[in-house]
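**Student:** Got a sequence here, can you model it:
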Amino acid sequence: MSESPPDSLIPYDEIVQEALRAVVGRVLGQVAASGGTLPGVHHFYITFKTGAPGVDIPVHLRERFPDEMTIVLQNKFWDLTVGEDQFSVGLSFNQLPTKLVIPFSAITAFVDPAVDFGLQFQAVEVEVEPEPHDAAENDAPAATSEDGSNVVTVDFGKRK
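**Tutor:** Model (predicted):
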């Protein structure tokens with residue numbers, strides 16, 4: 001006899017995801033505090049949802065990467081700034097300097113291949129309000145007959 005465990009009233013998955021995202025923030029914060037220099041051979045691949053709330057990237061990058069994008073922090077990055085909920089960094093795309101702002105909640109993967117370390121995250125789902133729409137055209141009262149009643153007569157007699 002196997003019983004399934006009861007549904008948890010504590011959101012453990014969300015708590016763990018938040019804690020692991022804090023690991024990313026702490027690592028990036030240490031790099032920023034050291035003047036933006038990565039120690040040793042460390043480098044990071046950071047994958048994030050480009051359409052997530054708070055993500056600020058140029059339009060041409062959003063068009064090129066409509067769902068997810070991976071950036072590499074290794075040799076050529078600058079102005080790494082880490083906040084409580086997000087980080088920003090300067091990167092070059094086709095020799096064009098660009099500033100990216102990425103909330104930690106938008107990150108779906110963080111990898112440091114130099115030491116074979118990686119984290120995978122569930123994308124944070126944002127509930128989207130349905131767009132307003134016009135009123136239905138079939139909500140009008142039913143047509144009434146000449147005598148004022150709303151009864152429609154249908155004649156199933158033979159065709160003439």
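
**Student:** Nearest residue to residue 118 in space, please, no chain neighbours.
**Tutor:** With CB to CB, 6 or more residues apart in numbering as the measure, residue 111 is the residue that lies nearest to residue 118, at 4.1 Å, once sequence neighbours are left out. For glycine as for every other residue, the C-beta is placed from the backbone atoms N, C-alpha and C.

**Student:** The residue most central in space within the chain: which element?
**Tutor:** Centroid check for the chain by CA atoms, centre = their mean gives residue 52 as the closest residue, at 3.3 Å. Following DSSP states H and E, there is no helix or strand that holds residue 52.

**Student:** Ok, residue 63 next?
**Tutor:** Once you assign secondary structure using DSSP H and E, residue 63 falls within helix 59-64.

**Student:** Point out the other helices and strands that that helix packs with.
**Tutor:** Counting by 3 or more CB pairs under 8 Å, 6 or more residues apart in numbering; DSSP states H and E, no packing neighbours are recorded for helix 59-64 among the helices and strands.

**Student:** which residues touch it?
**Tutor:** 50, 51, 69, 93, 98 (CB atoms under 8 Å, 6 or more residues apart in numbering).

**Student:** rewinding a little: which strand residues bridge the residue nearest to residue 118?
**Tutor:** The residues paired with residue 111 through beta bridges, assigned by DSSP bridges, are residue 45, residue 118.
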